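In: what's the 3D shape of this:
(chains A and B)
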Amino acid sequence: MEETAVKIMRPLSAVCIVASAALVLAACGTDPAASTNSASNTASAPAATGTAEVKCGGKSPLSAEGSSAQKNAIDIFTQQYTKKCPGQQANYNPSGSGAGVKQFNANQIDFGGSDSAIKDADAAAAKTRCGSDAWNIPLVVGPVAVAYKLSGVDKLALTPSVIAKIFSGGITKWSDPAIKAVKGNESLTLPDKPIQVVSRSDESGTTDNFQKYLGAAAKADWTKGAGKKFNGGVGNGAQGSNGVATAVKGADGAITYVEGAFAKDGLTPALIDSGSGGVELSAANVAKSLDAAKFVKDGSNDLALDLNAIYASNIPGAYPLLLTTYEIVCSKYSDAQVSQAVKAFLTVAATDGQQPLSAKGYVPIPQSLQTKVLASIQAIS
Amino acid sequence: MSESSSTRTPTGDPGGRSSSAKKVPEDPISEQPASPAAQPPASEKPKKVRAGDRIFQNLTTGAGLFVVILIALIGLFLLVQAIPALTADKANFLFSHGWSTNDPGNMSFGILDLLEVTVATSVVALVIAMPVSLGIALFLTQYAPKRLSRIFAYVIDLLAAVPSIIFGLWGILVFAPAIEPFSQWINSTFSWFPLLAPGNVQPNVRGTIFTAGIVLAVMILPIITSLSREVFERTPTPHIEGALALGATRWEVIRTTVLPFGKAGYIGASMLGLGRALGETIALAVILLIPQGRDFSWSFFDGGSTFASKIAVNYSEFNNETSAGAYIAAGLVLFVLTFLVNFAARAIIGKKGD
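Out: Numbering: from 1, shown residues only, chains lettered A, B, ... in the order given. Sure thing, here's the model as predicted:
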């Protein structure tokens, strides 16, 4: 009898010890949401201060789908939305920009999220779905860093032309005189190592925006076009932003393009010199680029940004390499409930939702853009 | 178990072994269960089949047929989806290296590169896993004390429960940096040997087939080990005791009784492990670096994609039916490859089997 009791007690006691250890260790952990580290964006981002009236109500839960790059941002927006409008919910499925546009056109979701503005055939399909024009509303802006790992080099400035040559195989060693010739690199000792280019092996909006940037800012040197797949033809591909960051961290002399939030802990973002000196990657500098933003359809409520103009711009102190994700909405919804909820969600996103974005590596939209965004949202019916 | 000992002619005394003592010594062929007395009752009702028997027979036949039909349907699905893309392919599907499927009107894709990388990773995994599994299985069944072998077996099976993505992350974050000096040493010392020369992702030695193959080996180890262990445990005790009685050492016992008996099962287990290695998706997608614009250069230090990892990485391209068809065609090739491997395994087992 005692033997059986001991037989049962031994494994049972082992389980108890493991369980209590697990509880103790769980209590020791810190809540990641509580500790916000401002990571790469050193200066606190100058968020827009405009406010707007939010008419809570309408369809709940709101359904949305699309780009995975803005998943974190939408989470923050949803948090603020449920705080501002208690009882209202919004669901977002980060299945990718392509899937988001397809579902929006198929009338399966209330609004979509896409890395690139909806246009041409997709826009026509959206018009049929809505019965009215579809609008692109930019709410999430993130910088793209040209991040590298090179021991002994903390501050590297690169011009778009040099970047284009590196990513298409024109420059293959760090000791190349073209890199040294960039203003600000004179005092650097660049080793004679080969440059290991790392790109995204999967389809990515970041790749698309990076290649568009090179095509606009370094037309003569980047002839490979744009698109979601990297066309440079050099280097190695890794999967996902995490994959490229890990690959660069593990190789001295590697360089890649990646969302700003990933350019830390071993990676260093390069300064981009568009002609007026090297500009550091920071939220304030990206906001400067957006201040002078031009739109594809000037004067319309469809706020698709003319990115080529931003990429080719040469504003002193502005960081031009950014990507925006758009929320694709109908200008006129057939269901008033949906329209009310969409307006409320987007208004909260454009006002209260912007400041918390800087902790996640995004850039809050500047005042000038916010006024236009709010005007467009108000015009949704 | 009794049939195998009756087909092997006893080499020692007829009545000397413990398990055969149960049989009547003067009637070694005692397999016929029915005595003549039992025949007449059966011959009176020859056609009566009980309902329960018939139902059970149909159920089992149905289950067997279901599996065959399922596989046939999967093959059919792959074929139907792949054909439009194959007809639109501008390059030779089976023998060209590049893969360009962005523009549905201008696709040229070939699976040669994928095939080479898949085979290379699986070969590395098998070459490492097979001897190690054999050793573990022999240790657990022949050398370890019973209690220890139970705990060990449990731990090995636990390895099989770890999800593939964990293996992938461990591989790229922990393992690859740890064996980087070793990989670089191999690269520099054996650069004259094509298979070990620096590959097409040089100077990077982390995201290579070599690293991926070793991680794969760890993943297929528990499969091969647990199946081999089961087979080796079933070695007939008379054989082992016979060998021991003849004065064989432990190793000679293993070599003469356990290994010949368990060879077919061990090869079958390895083929099962190979099947898993061929189809491993996410771990390889995370570890392997994909060289842009360079093909497989016949080195284990190359990068690249396997069939499964290419489909997984490019899943978001499946919006377009024709582009999706190209990837499904690659999946079809993997399907056929697995079939061929299993077929070859059956042939090997059939030849060696008794």
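In: how many neighbouring residues does residue 168 have?
Out: Answering for chain A, as no chain was given. A:Ser168 has 20 neighbours, counted by other Cβ atoms under 10 Å in any protein chain shown. Quick note: C-beta positions are derived from backbone N, CA and C, even for glycine.
In: wait, I meant chain B there
Out: A count of neighbours around B:Gly168, defined by other Cβ under 10 Å, yields 24.
In: distance from the strand or helix carrying it to the middle of the chain?
Out: Per DSSP states H and E, B:Gly168 falls inside helix B:164-170. Its chain's C-alpha centre and that of helix B:164-170 lie 20 Å apart, by Cα atoms, centre = their mean, to the nearest Å.
In: same deal with stretch B:258-278?
Out: Centroid displacement of stretch B:258-278 relative to its chain, using Cα atoms, centre = their mean, is 7 Å.
In: just the buried residues of it, please?
Out: B:258, B:261-262, B:264-278 (16 or more other Cβ atoms under 10 Å in any protein chain shown).
In: keeping just the C-alphas, turn it into CSV.
Out: Output in CSV follows, covering the C-alpha atoms of stretch B:258-278 (Å, rounded to 0.1, in the frame of the first residue of the first chain):
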residue,chain,number,x,y,z
VAL,B,258,19.7,-8.8,-35.0
LEU,B,259,21.0,-7.1,-38.1
PRO,B,260,20.0,-9.6,-40.7
PHE,B,261,16.5,-9.9,-39.1
GLY,B,262,16.0,-6.2,-38.7
LYS,B,263,17.6,-5.0,-42.0
ALA,B,264,14.3,-4.8,-43.9
GLY,B,265,12.6,-2.9,-41.1
TYR,B,266,15.5,-0.6,-40.7
ILE,B,267,15.6,0.3,-44.4
GLY,B,268,11.8,0.8,-44.3
ALA,B,269,12.2,3.1,-41.3
SER,B,270,14.9,5.1,-43.1
MET,B,271,12.7,5.5,-46.1
LEU,B,272,10.0,6.9,-43.9
GLY,B,273,12.5,9.3,-42.5
LEU,B,274,13.5,10.2,-46.0
GLY,B,275,9.9,10.9,-46.9
ARG,B,276,9.8,13.3,-44.0
ALA,B,277,13.0,14.9,-45.1
LEU,B,278,11.8,15.3,-48.7
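In: any idea how far chain B is from A:Val279?
Out: Look at A:Val279 and chain B: by Cβ to the nearest Cβ, to the nearest Å, they are 28 Å apart.
In: ok, now A:Ser313?
Out: Computed with Cβ to the nearest Cβ, the distance linking A:Ser313 and chain B is 29 Å.
In: quick check on the closest residue to that residue other than its chain neighbours: phi, psi?
Out: Taking Cβ to Cβ, 6 or more residues apart in numbering or on different chains, and ignoring the residues beside it in sequence, A:Ser313 has A:Pro320 as its nearest neighbour in space, at 5.8 Å. Recorded main-chain torsions at A:Pro320 are phi -90, psi -20, according to degrees, to the nearest 10.
In: hmm, A:Pro320 is touching A:Ile310, no?
Out: Yes - A:Pro320 lies in contact with A:Ile310 (Cβ atoms under 8 Å); the separation is 5.9 Å.
In: quick one on the thing from earlier: I'd like the next helix or strand past the helix holding B:Gly168.
Out: Using DSSP H and E, the helix or strand that directly follows helix B:164-170 along the chain is helix B:176-189.
In: distance from the chain centre to that following helix, please.
Out: Relative to its chain's centre, helix B:176-189 lies at 28 Å (Cα atoms, centre = their mean).
In: how about stretch B:79-95?
Out: Relative to its chain's centre, stretch B:79-95 lies at 29 Å (Cα atoms, centre = their mean).
In: quick check: which ranges of the stretch 101-250 of chain B have low pLDDT?
Out: In the predicted model, the stretch 101-250 of chain B carries no residue with pLDDT under 70.
In: what does the model give B:Pro46 for pLDDT?
Out: Here, the pLDDT recorded for B:Pro46 equals 58.
In: wait, A:Asn314
Out: Here the pLDDT value assigned to A:Asn314 is 86.
In: can you give me the neighbour number for it?
Out: 11.
In: so which residues on the stretch 101-250 of chain A come close to chain B?
Out: A:102, A:194, A:196-199, A:201-203, A:227, A:229-230, A:232-239, A:243, A:246-247, A:250 (Cβ under 8 Å from any Cβ of the partner chain).
In: the helix or strand where B:Glu241 lies packs against which elements?
Out: When elements are assigned from DSSP H and E, B:Glu241 belongs to helix B:237-245. Using 3 or more Cβ pairs under 8 Å, 6 or more residues apart in numbering or on different chains; DSSP states H and E as the contact definition, the elements that helix B:237-245 packs against are helix B:250-253.
In: output the helix holding B:Gly168 as PDB, restricted to C-alpha atoms.
Out: What follows is helix B:164-170, C-alpha atoms only, in PDB (Å, rounded to 0.1, in the frame of the first residue of the first chain):
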ATOM      1  CA  SER B 164       9.400  21.900 -37.400                       C
ATOM      2  CA  ILE B 165       9.400  25.700 -37.000                       C
ATOM      3  CA  ILE B 166      11.200  25.300 -33.700                       C
ATOM      4  CA  PHE B 167      13.900  23.300 -35.400                       C
ATOM      5  CA  GLY B 168      14.100  25.900 -38.100                       C
ATOM      6  CA  LEU B 169      14.500  28.700 -35.600                       C
ATOM      7  CA  TRP B 170      17.000  26.800 -33.500                       C
END
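In: re earlier: pick out whichever of A:Pro320 and A:Ile310 has more residues nearby.
Out: Neighbour comparison, A:Pro320 and A:Ile310: the larger count goes to A:Pro320, with 25 against 22 (by other Cβ under 10 Å).
In: hang on, the earlier thing: could you name every residue contacting both of A:Pro320 and A:Ile310?
Out: A shared contact of A:Pro320 and A:Ile310, defined by Cβ atoms under 8 Å, 6 or more residues apart in numbering or on different chains, is any residue touching both; here these are A:Ser289.
In: how many residues are close by residue 280?
Out: Defaulting to chain A. Other residues within reach of A:Glu280 by the criterion other Cβ under 10 Å amount to 17.
In: oops, I was thinking of chain B
Out: As a measure of burial, B:Glu280 has 25 neighbours, counting by other Cβ under 10 Å.
In: what's the answer for A:Ser175, then?
Out: For A:Ser175, the neighbour count with other Cβ under 10 Å is 14.
In: make sure it is indeed in a helix.
Out: No - following the definition DSSP: H, G, I helix; E, B strand; the rest coil, A:Ser175 is coil and is not counted among the residues of a helix.
In: ok, back up a step: identify all contacting residues around the helix holding B:Gly168.
Out: With contacts defined as Cβ under 8 Å, 6+ apart, helix B:164-170 is touched by B:215, B:218-219, B:280-287.
In: ok, 6 Å please
Out: Counting by Cβ atoms under 6 Å, 6 or more residues apart in numbering or on different chains, the neighbours of helix B:164-170 from elsewhere in the structure are B:215, B:219, B:282-283, B:286-287.
In: distance from the chain centre to the helix holding B:Glu241, please.
Out: Its chain's C-alpha centre lies 31 Å from the corresponding centre of helix B:237-245 when counted by Cα atoms, centre = their mean.
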